[in-house]
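Enquirer: Pasting a predicted model and its sequence here:
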Amino acid sequence: MSGYLWRDILIWLGETLSKIPILAGFFHARSTEAVTLHVSDVGLTCDMGTGALVPIDVSRVPALLAQIERKAAVALTIGRDCYLRRNLASKRLPFTRASELWSLEISEHMPFLIGQVHVFFGFARDGQGTDYFIVKKEVLEPVLSAIHFSGRRIDRILMENEGQAEEVARESARSIADQSPRWSVKKRLSAGFSLLVLLIAIATFGHAYARTAEAGGRLAILVDERRREALAVRKEVDALQMEERLLQAARAAKIKTVPASALWEELTRILPDSTWLSDLTLREDVVSIAGFSRAAADLIGMLGASAVFRDPRFTAPVTRVPGQDGERFTIHIKVGRQ
């Protein structure tokens, strides 16, 4: 951001605060000039507040300004024969915009180079527009150098016009060579007050943002802890549900399975005395029996009529074993529900 823009912002802020009734007197009060330097085609003259213009050599200006108080203002009046006045715009322009338009204006319509002149801005004659005043540097440089050498600054620049003096914009007065934009105490207080308000606003926003960020961080930590706790509870619930399902499956299997003692009791009841077993195997719901019987073929009907067994079938051919009394058989039987 350029220095001009900062200056325009502070000027605008000062003008805004000056519209507040309680502060109007503070911002509009001006110092009374203790000395006025008058530049014209006849030379340099000085008015020490008496209203009389006294000729003075430019070399005596530093000594003259050293005699007055530091807080006293210094004014510079430029005679009508030392400047050229032209209209710039039909409305009032801020200093930065006026400077841009003036550069174009003087480049296209004036026989001067920008480096050869000083330009000041003021109100137009109708009080609505913006005029600019052109003064050759060779006219002002001796006086400006003397004022700068004394360590003082020019508080006001006035243009003589038909017996009256029109004050130029102070912003343009400060832009002349060797004239730094020194702020008065009142304007420094205004700028300081505005800066204080801005800093308070920034601090308030920063504090609120920090509190919000801190609360957000604590909330994120709390949510993460609750999420881990929820996952742990979920795992415990899943484990309990798995145990419950296994227990129910075991109970259902126990209900469906017929006890081995009941199977043995049923086989003893069904099989005739002429049959004896040499092998009995129980795998899940299938019972496999092997042995000898005088009528092995009749065993299929006996086992099929049982309420405990179903689907009896031979898994090997019935054979007679030499030296044995009966037929050898092997039968698989499915166990029905109890």
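Expert: Yes, it's here. Residues are numbered from 1 along each chain as shown.

Enquirer: Name the spans of this protein whose pLDDT lies under the cut-off.
Expert: Applying pLDDT under 70 to the chain picks out residues 1-33, 70-71, 107, 109, 176-187, 252-258, 337-338.

Enquirer: And the strands in it?
Expert: Assigned by DSSP state E, the strands in the chain fall at 33-40, 43-47, 54-55, 73-78, 84-89, 117-123, 130-136, 156-161, 164-167, 275-283, 286-293, 309-314, 319-320, 327-335.

Enquirer: could you dump those strands to JSON lines with mean neighbour count and distance to A63?
Expert: In short, each C-beta sits where N, CA and C put it, glycine included. Compiled in JSON lines, those are given as follows (neighbours: other CB atoms under 10 Å; distance: least, CB to CB, whole Å):
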{"stretch": "strand 33-40", "mean neighbour count": "20", "distance to A63": "12"}
{"stretch": "strand 43-47", "mean neighbour count": "16", "distance to A63": "12"}
{"stretch": "strand 54-55", "mean neighbour count": "10", "distance to A63": "14"}
{"stretch": "strand 73-78", "mean neighbour count": "21", "distance to A63": "14"}
{"stretch": "strand 84-89", "mean neighbour count": "15", "distance to A63": "32"}
{"stretch": "strand 117-123", "mean neighbour count": "21", "distance to A63": "25"}
{"stretch": "strand 130-136", "mean neighbour count": "20", "distance to A63": "25"}
{"stretch": "strand 156-161", "mean neighbour count": "20", "distance to A63": "22"}
{"stretch": "strand 164-167", "mean neighbour count": "14", "distance to A63": "26"}
{"stretch": "strand 275-283", "mean neighbour count": "13", "distance to A63": "130"}
{"stretch": "strand 286-293", "mean neighbour count": "18", "distance to A63": "133"}
{"stretch": "strand 309-314", "mean neighbour count": "15", "distance to A63": "138"}
{"stretch": "strand 319-320", "mean neighbour count": "12", "distance to A63": "152"}
{"stretch": "strand 327-335", "mean neighbour count": "19", "distance to A63": "134"}
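
Enquirer: Next, format those as TSV and append distance to Q241.
Expert: Formatted as TSV, the strands of the chain follow (distance: least, CB to CB, whole Å):
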stretch	distance to Q241
strand 33-40	97
strand 43-47	105
strand 54-55	111
strand 73-78	93
strand 84-89	85
strand 117-123	87
strand 130-136	86
strand 156-161	92
strand 164-167	92
strand 275-283	31
strand 286-293	32
strand 309-314	35
strand 319-320	54
strand 327-335	31
